[in-house]
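**Student:** Build me a structure from this.
(one chain, ligands or ions: 1)
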Amino acid sequence: MNPMAFVNRLPNPARFARRLDARRSEAVGDVLAQHRVLVAEARDAFEALLVGDGDARDEARVDATARVLLDALREVGDANDVTVNAARWVDRALRSERLELLDRASVPASVKRFTMQMLHAVNLILDSYGVWAGALDTALAEVADAHVYDLAAGTGGFMRHVARRSRPGKTWRLTSTDLEPEYVAIGERRARREGLAITFEPCDVLDLRHTAGVSLFVCTQATHHLSPGQVVRMIASAVRRAPRGILIVDLQRSLFNVFATAAVLGTMMQPLLHDGVLSVQRSYAPAELVLLAKLAGADVVTTSMPSATYTVMHAMGRA
Ligand SMILES: C[S@@+](CC[C@H](N)C(=O)[O-])C[C@H]1O[C@@H](n2cnc3c(N)ncnc32)[C@H](O)[C@@H]1O
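**Tutor:** Below is the predicted model:
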């Protein structure tokens with residue numbers, strides 16, 4: 001393994017932040033119950049959007065509700081625990097919704113293409129694909145035949161990594177998708193050169209109506225590019241369409257991760273530095289993902305933090 005990969009496997013030092021997140025996870029049910037009326041209206045709105053009947057007002061309603069609930073959850077701390085309250089203060093200072101270069105219309109396509117290329121290189125150097133593959137194995141532990149559908153997959157590096165690994169006794173069909181047809185085409189060319197059996201197609205995470213026979217949707221390092229309402233719609237659609245639901249892997253929002261990302265990217269991949277640090281700041285904390293998944297109607301939601309770098313959330317419709 002590349003020596004740099006140890007960064008992705010460091011034990012999580014964000015003890016106080018984890019304690020704060022645990023408090024917030026416990027409060028998710030109360031937050032949903034306290035906003036019963038808003039939740040019911042948002043659910044009507046995204047049901048309409050999921051079947052193609054919704055409009056911009058429905059999109060705005062889902063997003064506004066998700067933001068109200070997130071704000072309520074972010075108020076949760078612990079008056080008697082100074083470390084939890086300090087973690088809350090740090091988290092508030094850290095959080096950002098500033099747009100990454102990748103999401104700005106004014107940034108030329110060539111710069112975005114280069115950034116995506118760098119991201120793939122970082123994923124390889126840090127063995128991020130290996131960490132996510134472990135989470136995928138866990139999510140599909142009891143499933144022999146599966147169709148894995150990667151959303152917002154960029155140039156498809158993760159599915160190419162999965163396709164190269166041997167899985168005795170398992171037959172997985174793999175599909176890699178992204179909103180940008182150019183990234184999809186690059187991924188398809190690379191997979192063809194290696195003779196890997198992966199289907200590539202353009203797909204908007206907000207419209208999964210064309211998908212059929214998917215066992216598990218996957219979304220890595222992309223949830224923080226979506227607004228809260230968009231995250232809810234993606235999860236709502238995924239848990240209705242796939243028996244194993246959706247596996248989300250994203251960066252952990254922590255001070256440690258800001259410094260680690262700045263140190264790694266600043267020394268190796270300067271052009272990615274801006275988006276890398278902002279990605280950490282934009283990321284949803286585990287308790288926030290649980291809240292959004294529950295709002296989306298997921299019944300079974302589990303989260304883990306396999307290292308200091310990533311949050312993993314697995315949401316399913318039914319037990
Ligand atoms: C930071 S990249 C992550 C790529 C890859 N999943 C990875 O982990 O390296 C974010 C990706 O999300 C894609 N994206 C953003 N909004 C999307 C949407 N609504 N539907 C599908 N893909 C989207 C972008 O085109 C970009 O490729």
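
**Student:** Could you use CA atoms for every contact and neighbour count after this?
**Tutor:** OK.

**Student:** shouldn't residue 286 be in contact with residue 314?
**Tutor:** No: taking contacts as CA atoms under 8 Å, residue 286 lies outside contact range of residue 314: 10.6 Å.

**Student:** Show me whatever sits in contact with both of these two.
**Tutor:** residue 303 (CA atoms under 8 Å, 6 or more residues apart in numbering).

**Student:** Flag every buried residue along stretch 28-48.
**Tutor:** 28, 31, 32, 38, 39, 42, 43, 45, 46, 47 (16 or more other CA atoms under 10 Å).

**Student:** So which of those residues reach the ligand?
**Tutor:** Counting by CA under 6 Å from any ligand atom, nothing from those sits close to the ligand.

**Student:** shaky segments in this protein?
**Tutor:** Scanning the chain for pLDDT under 70 picks out the ranges 1-13, 267-271, 318-319.

**Student:** where along it do the strands fall?
**Tutor:** Under the criterion DSSP state E, strands of the chain are mapped to 145-151, 171-178, 198-202, 216-220, 246-251, 300-304, 310-316.

**Student:** would you list the ones you listed in a markdown table and tack on mean neighbour count?
**Tutor:** Shown next, in a markdown table, are those (neighbours: other CA atoms under 10 Å):
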| stretch | mean neighbour count |
| --- | --- |
| strand 145-151 | 21 |
| strand 171-178 | 21 |
| strand 198-202 | 19 |
| strand 216-220 | 23 |
| strand 246-251 | 26 |
| strand 300-304 | 16 |
| strand 310-316 | 25 |
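
**Student:** still on that earlier bit, return the subset of the buried residues of stretch 28-48 lying in helices.
**Tutor:** 28, 31, 32, 38, 39, 42, 43, 45, 46, 47 (DSSP state H).

**Student:** What separation is there between the last one and the ligand?
**Tutor:** According to CA to the nearest ligand atom, to the nearest Å, residue 47 and the ligand sit 18 Å apart.

**Student:** For the ligand, see how far away the residue lying farthest from the centre of the chain is.
**Tutor:** Going by CA atoms, centre = their mean, the residue of the chain most distant from its centre is residue 80, 32.4 Å out. Using CA to the nearest ligand atom, residue 80 is found at 38 Å from the ligand.

**Student:** now that residue: how far from residue 151?
**Tutor:** For residue 80, the distance to residue 151 (CA to CA, to the nearest Å) stands at 42 Å.

**Student:** Would you mind naming what in the stretch 1-150 of the chain lies close to the ligand?
**Tutor:** residue 120.

**Student:** ok, which stretches of the stretch 1-150 of the chain are helices?
**Tutor:** Assigned by DSSP state H, counting those that start in this stretch, the stretch 1-150 of the chain shows helices spanning 15-34, 36-50, 56-74, 82-94, 109-125, 128-139.

**Student:** Export those helices as a markdown table, with columns for distance to residue 295.
**Tutor:** Shown next, in a markdown table, are those (distance: least, CA to CA, whole Å):
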| stretch | distance to residue 295 |
| --- | --- |
| helix 15-34 | 7 |
| helix 36-50 | 7 |
| helix 56-74 | 8 |
| helix 82-94 | 23 |
| helix 109-125 | 31 |
| helix 128-139 | 21 |
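
**Student:** who's in contact with whatever residue of the stretch 201-319 of the chain ends up closest to the ligand?
**Tutor:** As assessed by CA to the nearest ligand atom, the ligand sits closest to residue 204 within the stretch 201-319 of the chain, at 3.5 Å. Contacts for residue 204 (CA under 8 Å, 6+ apart) come out as 151, 152, 178, 179.

**Student:** Mind doing that once more with 7 Å?
**Tutor:** 178, 179 (CA atoms under 7 Å, 6 or more residues apart in numbering).

**Student:** So residue 94 is in contact with residue 280, correct?
**Tutor:** No: using CA atoms under 7 Å, residue 94 is not in contact with residue 280, being 8.8 Å away.

**Student:** Counting neighbours, go ahead and name the busier of these two.
**Tutor:** residue 280 (28 against 16; other CA atoms under 10 Å).

**Student:** List the residues that contact the closest residue to residue 243 other than its chain neighbours.
**Tutor:** Among residues not flanking residue 243 along the chain, residue 215 sits closest, at 5.5 Å (CA to CA, 6 or more residues apart in numbering). Residues in contact with residue 215 (CA under 7 Å, 6+ apart) are 146, 147, 148, 242, 243, 244.

**Student:** can you tell me how far the fourth one sits from residue 274?
**Tutor:** If I follow you right, that is residue 242. Plainly put, residue 242 is 35 Å away from residue 274 if you go by CA to CA.

**Student:** So which of these two has more stuff around it?
**Tutor:** Neighbours per residue (other CA under 10 Å) separate residue 242 from residue 274, with residue 242 holding more: 21 against 15.

**Student:** Looks like the more buried one contacts residue 211 (just checking).
**Tutor:** No: applying CA under 7 Å as the test, residue 242 and residue 211 come out as separate, 9.4 Å apart.

**Student:** Just list the residues touching the closest residue to residue 258 other than its chain neighbours, thanks.
**Tutor:** Leaving aside its sequence neighbours, residue 258 sits nearest to residue 277 (CA to CA, 6+ apart; 5.6 Å). With contact taken as CA under 7 Å, 6+ apart, residue 277 is in contact with 258, 261, 262.
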